[in-house]
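> prediction below, plus the sequence it came from.
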Amino acid sequence: QLQLQESGPGLVKPSETLSLTCTVSGGSISSSSYYWVWIRQPPGKGLEWIGSIYYSGSTYYDPSLKSRVTMSVDTSKNQFSLKLSSVTAADTAVYYCASLYGSAIPDYWGQGALVTVSS
Amino acid sequence: QTVVTQEPSLTVSPGGTVTLTCASSTGAVTSAYYPNWFQQKPGQAPRALIYSTNNKHSWTPARFSGSLLGGKAALTLSGVQPEDEADYYCLLYYGGGQLGVFGGGTKLTVL
C-alpha cells in the first residue's frame, strides 16, 4: 500500500513562501491511476482542499488559493511539492498530502506537517 | 462560493445507530458529486471510510455505510462502538470532478 510523508520547514515568516514536499513510497507517483492532493487543517478547524496534481503536471487549484499556490511533481524522486506564497497567520495549519485514486478517492494520507506562520 | 454543510455535533449511545448528513449549497447531492467520508481522531490524520457514495475501503468496518438520503449524502453507523467517537468529514466534488470541497465536520460523541 502507498505511504506518504510530508517534509519541510515548520516555521515560515509572514509574506514569505511556504514549501512542502511529499515523498511517496510503496508505489509510483507516475501511476496513471492516481492524482496527488494537498489538504490543510488550521488548528481546531476543519479540512480545506488546496489542490491536486497529476504526474504529467496537470494541476487543479482551489479558486480561493489559486493566485498563491504552485504544485509540482518530481517523478525521479517519487515526490510532489506545494508552494504557497505571501503567507499570513491564516495559513498556519497542518498540511496533509494524500493520494487521489481515480481523481476522486483520497485513500492514503500522510501524517501531516504543522506549519506555523510567525515572525 | 460553494458550501458543504454537516451537523456540527451528534451524540449516540453505544450499540445505537446514527446518521450523519452532508448537504451542498448548490442543491441536491447526487452520485456525480462522488461523496467521500473520513474519520479523524484527535492528533491523527483523517482516515478514509467511504468513497463514491457507498463504497467501502478494504479497512472500513462493516458497521459504516454510505448512501444518498433526501438530497444529501449520508453516513450511517450501526452498532456504534466507543472507538467511533471522532470527527467525521464529508467531501464533495465540483467543477467536473476536479475541485474538492469538505464539509465543516461532525463531532460524534458516544455516550
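Okay, I see it.
> show me the strands in chain A, by range?
Ranges of strands within chain A are A:3-7, A:11-12, A:18-25, A:34-41, A:48-54, A:59-61, A:69-74, A:79-84, A:93-101, A:105-109, A:113-117, based on DSSP state E.
> and these, which one's lowest on average pLDDT?
Mean pLDDT is lowest for strand A:105-109 among the strands of chain A, at a mean of 92.
> any part of it near chain B?
Yes. Strand A:105-109 reaches chain B (C-beta under 8 Å from any C-beta of the partner chain) through A:105, A:106, A:107, A:108, A:109. All C-beta spots, glycine's among them, are computed from the backbone N, C-alpha and C.
> nearest residue to residue B:29 in space, please, no chain neighbours.
Spatially, and ignoring its direct neighbours in sequence, residue B:29 is nearest to residue B:73 (4.8 Å; C-beta to C-beta, 6 or more residues apart in numbering or on different chains).
> again, but for residue A:41
Using C-beta to C-beta, 6+ apart and skipping residues adjacent in sequence, the residue nearest residue A:41 is residue A:94, 4.8 Å away.
> burial measure for that neighbour, as a count.
Residues lying near residue A:94 (other C-beta atoms under 10 Å in any protein chain shown) number 19.
> which residues touch it?
Counting by C-beta atoms under 8 Å, 6 or more residues apart in numbering or on different chains, residue A:94 makes contact with A:40, A:41, A:43, A:112, A:113, A:114, A:115.
> for residue A:42, same thing?
So residue A:42 contacts A:48, A:90, A:92, A:93 (C-beta under 8 Å, 6+ apart).
> all strands of chain B, in order?
With DSSP E as the criterion, chain B has strands at B:4-6, B:9-12, B:17-24, B:36-40, B:47-51, B:55-56, B:64-69, B:72-78, B:86-94, B:99-102, B:106-110.
> who wins for proximity to residue A:55 among those strands?
Evaluated with C-beta to C-beta, the strands of chain B place strand B:99-102 nearest to residue A:55, the distance being 18.7 Å.
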